[in-house]
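Visitor: need a 3D model of the following:
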Amino acid sequence: MKITKKFVEKTAAEACGEDVVPLVRFLYGKGKVSEFELVDSLKEDVQSLRNKLYLLQKVSLVDSSRKKDKKKGWYIYYWTFKPQNIIWLYKKIREEKIERLEARLAREKENQFYSCKNNCMRLNFDQAVNFNFKCPECGELMNLTDNTETIKKIEEEIKKLREEIEEVEEESKPSSS
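Guide: Modelled structure (predicted):
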(Lines give C-alpha, C1' and ligand atoms only; values in the text may rest on other atoms or scores of the structure.)
Protein backbone atom coordinates (compact mmCIF):
# COMPACT_ATOMS: atom_id res chain seq x y z
CA MET A 1 0.00 0.00 0.00
CA LYS A 2 1.54 3.24 -1.16
CA ILE A 3 1.39 6.25 1.15
CA THR A 4 -0.06 8.71 -1.33
CA LYS A 5 -2.08 11.90 -1.10
CA LYS A 6 -5.16 9.78 -1.85
CA PHE A 7 -4.26 7.48 1.06
CA VAL A 8 -3.94 10.51 3.34
CA GLU A 9 -7.32 11.87 2.22
CA LYS A 10 -9.01 8.49 2.65
CA THR A 11 -7.59 8.00 6.15
CA ALA A 12 -8.57 11.53 7.20
CA ALA A 13 -12.09 10.93 5.88
CA GLU A 14 -12.27 7.64 7.74
CA ALA A 15 -11.30 9.37 10.98
CA CYS A 16 -13.21 12.66 10.65
CA GLY A 17 -15.75 12.29 7.85
CA GLU A 18 -15.81 12.98 4.12
CA ASP A 19 -16.38 16.70 4.59
CA VAL A 20 -12.77 17.23 5.81
CA VAL A 21 -11.27 16.02 2.51
CA PRO A 22 -11.26 19.43 0.72
CA LEU A 23 -9.58 20.95 3.79
CA VAL A 24 -6.95 18.18 3.95
CA ARG A 25 -6.40 18.54 0.20
CA PHE A 26 -5.81 22.28 0.60
CA LEU A 27 -3.53 22.00 3.65
CA TYR A 28 -1.48 19.07 2.33
CA GLY A 29 2.10 20.17 1.71
CA LYS A 30 1.56 23.69 3.04
CA GLY A 31 2.68 25.17 6.31
CA LYS A 32 1.02 27.70 8.58
CA VAL A 33 -2.11 28.63 6.65
CA SER A 34 -4.32 31.24 8.35
CA GLU A 35 -8.00 30.60 9.04
CA PHE A 36 -8.87 33.57 6.85
CA GLU A 37 -6.97 32.13 3.90
CA LEU A 38 -8.76 28.81 4.42
CA VAL A 39 -12.17 30.50 4.59
CA ASP A 40 -11.47 32.46 1.38
CA SER A 41 -10.04 29.51 -0.52
CA LEU A 42 -12.60 26.91 0.53
CA LYS A 43 -15.59 29.29 0.48
CA GLU A 44 -16.79 28.09 3.86
CA ASP A 45 -18.06 29.83 6.96
CA VAL A 46 -15.56 30.21 9.80
CA GLN A 47 -17.47 28.10 12.35
CA SER A 48 -17.86 25.13 10.02
CA LEU A 49 -14.20 25.34 9.05
CA ARG A 50 -13.08 25.52 12.68
CA ASN A 51 -15.16 22.47 13.54
CA LYS A 52 -13.38 20.50 10.82
CA LEU A 53 -9.99 21.79 11.95
CA TYR A 54 -10.76 20.77 15.55
CA LEU A 55 -11.74 17.29 14.36
CA LEU A 56 -8.44 16.99 12.50
CA GLN A 57 -6.58 18.36 15.50
CA LYS A 58 -8.24 15.81 17.78
CA VAL A 59 -6.71 12.99 15.69
CA SER A 60 -3.35 14.82 15.48
CA LEU A 61 -3.47 15.55 11.74
CA VAL A 62 -3.20 19.32 12.11
CA ASP A 63 -1.47 21.62 14.52
CA SER A 64 -2.09 25.28 15.16
CA SER A 65 -0.16 28.29 16.27
CA ARG A 66 -1.50 31.75 16.93
CA LYS A 67 -0.25 35.26 16.50
CA LYS A 68 -1.80 38.47 17.70
CA ASP A 69 -2.88 40.94 15.05
CA LYS A 70 -1.23 44.18 16.16
CA LYS A 71 -3.89 46.42 14.58
CA LYS A 72 -7.07 44.67 15.72
CA GLY A 73 -5.75 42.93 18.83
CA TRP A 74 -7.28 39.59 17.73
CA TYR A 75 -5.51 36.29 17.57
CA ILE A 76 -5.06 34.76 14.15
CA TYR A 77 -4.67 31.00 14.04
CA TYR A 78 -2.33 29.35 11.57
CA TRP A 79 -2.83 25.70 10.72
CA THR A 80 -0.29 23.13 9.55
CA PHE A 81 -1.04 19.64 8.27
CA LYS A 82 1.01 16.85 9.90
CA PRO A 83 1.29 14.02 7.35
CA GLN A 84 3.80 12.16 9.54
CA ASN A 85 0.89 11.15 11.81
CA ILE A 86 -1.17 9.51 9.08
CA ILE A 87 0.37 6.04 9.56
CA TRP A 88 -0.28 6.19 13.29
CA LEU A 89 -3.90 7.23 12.67
CA TYR A 90 -4.45 4.55 10.01
CA LYS A 91 -3.17 1.86 12.39
CA LYS A 92 -5.19 3.26 15.31
CA ILE A 93 -8.44 3.15 13.30
CA ARG A 94 -7.82 -0.46 12.32
CA GLU A 95 -6.76 -1.52 15.82
CA GLU A 96 -9.98 -0.04 17.22
CA LYS A 97 -12.00 -1.93 14.59
CA ILE A 98 -10.14 -5.13 15.51
CA GLU A 99 -10.99 -4.59 19.20
CA ARG A 100 -14.69 -4.15 18.41
CA LEU A 101 -14.68 -7.19 16.11
CA GLU A 102 -12.89 -9.34 18.70
CA ALA A 103 -15.51 -8.37 21.31
CA ARG A 104 -18.28 -9.27 18.84
CA LEU A 105 -16.50 -12.52 17.97
CA ALA A 106 -16.38 -13.45 21.66
CA ARG A 107 -20.14 -12.73 21.98
CA GLU A 108 -20.85 -14.84 18.90
CA LYS A 109 -18.80 -17.77 20.22
CA GLU A 110 -20.15 -17.58 23.78
CA ASN A 111 -23.86 -17.23 23.00
CA GLN A 112 -26.64 -19.02 21.20
CA PHE A 113 -28.86 -16.87 19.03
CA TYR A 114 -32.48 -17.25 18.03
CA SER A 115 -34.54 -15.76 15.24
CA CYS A 116 -37.91 -16.28 13.60
CA LYS A 117 -38.43 -17.48 10.04
CA ASN A 118 -38.85 -13.82 8.94
CA ASN A 119 -35.53 -12.82 10.54
CA CYS A 120 -37.17 -9.83 12.24
CA MET A 121 -34.77 -9.89 15.18
CA ARG A 122 -31.85 -11.88 16.47
CA LEU A 123 -31.92 -12.53 20.20
CA ASN A 124 -29.54 -14.33 22.52
CA PHE A 125 -30.83 -17.15 24.73
CA ASP A 126 -31.72 -14.95 27.72
CA GLN A 127 -33.60 -12.47 25.54
CA ALA A 128 -35.42 -15.27 23.71
CA VAL A 129 -36.49 -16.81 27.04
CA ASN A 130 -37.89 -13.42 28.14
CA PHE A 131 -40.13 -13.46 25.05
CA ASN A 132 -41.02 -17.17 25.46
CA PHE A 133 -39.22 -17.85 22.17
CA LYS A 134 -41.84 -15.79 20.30
CA CYS A 135 -40.60 -13.00 18.03
CA PRO A 136 -41.51 -9.63 19.59
CA GLU A 137 -42.01 -8.21 16.09
CA CYS A 138 -44.18 -10.78 14.31
CA GLY A 139 -45.11 -13.33 16.99
CA GLU A 140 -43.57 -16.29 15.12
CA LEU A 141 -41.70 -19.03 16.98
CA MET A 142 -37.97 -18.33 17.33
CA ASN A 143 -35.47 -21.09 16.51
CA LEU A 144 -31.79 -21.56 17.20
CA THR A 145 -29.70 -20.06 14.39
CA ASP A 146 -26.34 -21.22 13.17
CA ASN A 147 -23.81 -18.42 13.54
CA THR A 148 -20.86 -20.35 12.06
CA GLU A 149 -20.87 -18.18 8.94
CA THR A 150 -21.01 -14.98 11.01
CA ILE A 151 -18.03 -16.14 13.09
CA LYS A 152 -16.11 -16.97 9.92
CA LYS A 153 -16.80 -13.52 8.41
CA ILE A 154 -15.70 -11.74 11.59
CA GLU A 155 -12.48 -13.78 11.72
CA GLU A 156 -11.78 -12.96 8.06
CA GLU A 157 -12.36 -9.24 8.68
CA ILE A 158 -9.97 -9.29 11.66
CA LYS A 159 -7.35 -11.07 9.52
CA LYS A 160 -7.80 -8.53 6.70
CA LEU A 161 -7.40 -5.57 9.09
CA ARG A 162 -4.22 -7.08 10.58
CA GLU A 163 -2.82 -7.57 7.07
CA GLU A 164 -3.60 -3.92 6.24
CA ILE A 165 -1.70 -2.81 9.35
CA GLU A 166 1.28 -5.00 8.42
CA GLU A 167 1.22 -3.70 4.86
CA VAL A 168 1.26 -0.05 5.88
CA GLU A 169 4.00 -0.73 8.46
CA GLU A 170 6.13 -2.35 5.75
CA GLU A 171 5.50 0.56 3.40
CA SER A 172 6.41 3.15 6.01
CA LYS A 173 9.70 1.52 7.06
CA PRO A 174 12.74 3.45 5.89
CA SER A 175 14.49 1.59 3.09
CA SER A 176 17.93 0.28 4.00
CA SER A 177 20.15 0.98 1.00
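
Visitor: what is the subsequent helix or strand relative to the helix or strand encompassing residue 103?
Guide: Using DSSP states H and E, residue 103 sits within helix 86-110. The helix or strand immediately downstream of helix 86-110 is strand 113-115, counting by DSSP H and E.

Visitor: quick one: name whatever helix or strand follows that next one.
Guide: strand 122-124.

Visitor: how about that next one, which residues are buried there?
Guide: Neighbour counts over strand 122-124 (16 or more other CB atoms under 10 Å) mark residue 123 as buried. Any C-beta I mention is one placed from the backbone N, CA and C, and that applies to glycine too.

Visitor: same thing with stretch 116-130?
Guide: For stretch 116-130, a neighbour-count test (16+ other CB under 10 Å) marks 116, 121, 123, 128 as buried.

Visitor: before we move on, back to that, other SSEs contacting the helix holding residue 103?
Guide: With contacts taken as 3 or more CB pairs under 8 Å, 6 or more residues apart in numbering; DSSP states H and E, helix 86-110 sits against helix 5-16, helix 148-172.

Visitor: most packed of the ones you listed?
Guide: When these are scored by mean count of other CB atoms under 10 Å, the highest mean neighbour count falls to helix 5-16 (a mean of 18).

Visitor: would you confirm that residue 20 belongs to a strand?
Guide: No: going by DSSP: H, G, I helix; E, B strand; the rest coil, the assignment for residue 20 is helix, not a strand.

Visitor: nearest residue to it other than its sequence neighbours?
Guide: residue 52 (5.0 Å; CB to CB, 6 or more residues apart in numbering).

Visitor: and the pLDDT for the one you found?
Guide: Residue 52 is assigned a pLDDT of 94 by the prediction.

Visitor: residue 59 against residue 17, yeah?
Guide: No: if you go by CB atoms under 8 Å, residue 59 and residue 17 don't touch, sitting 11.1 Å apart.
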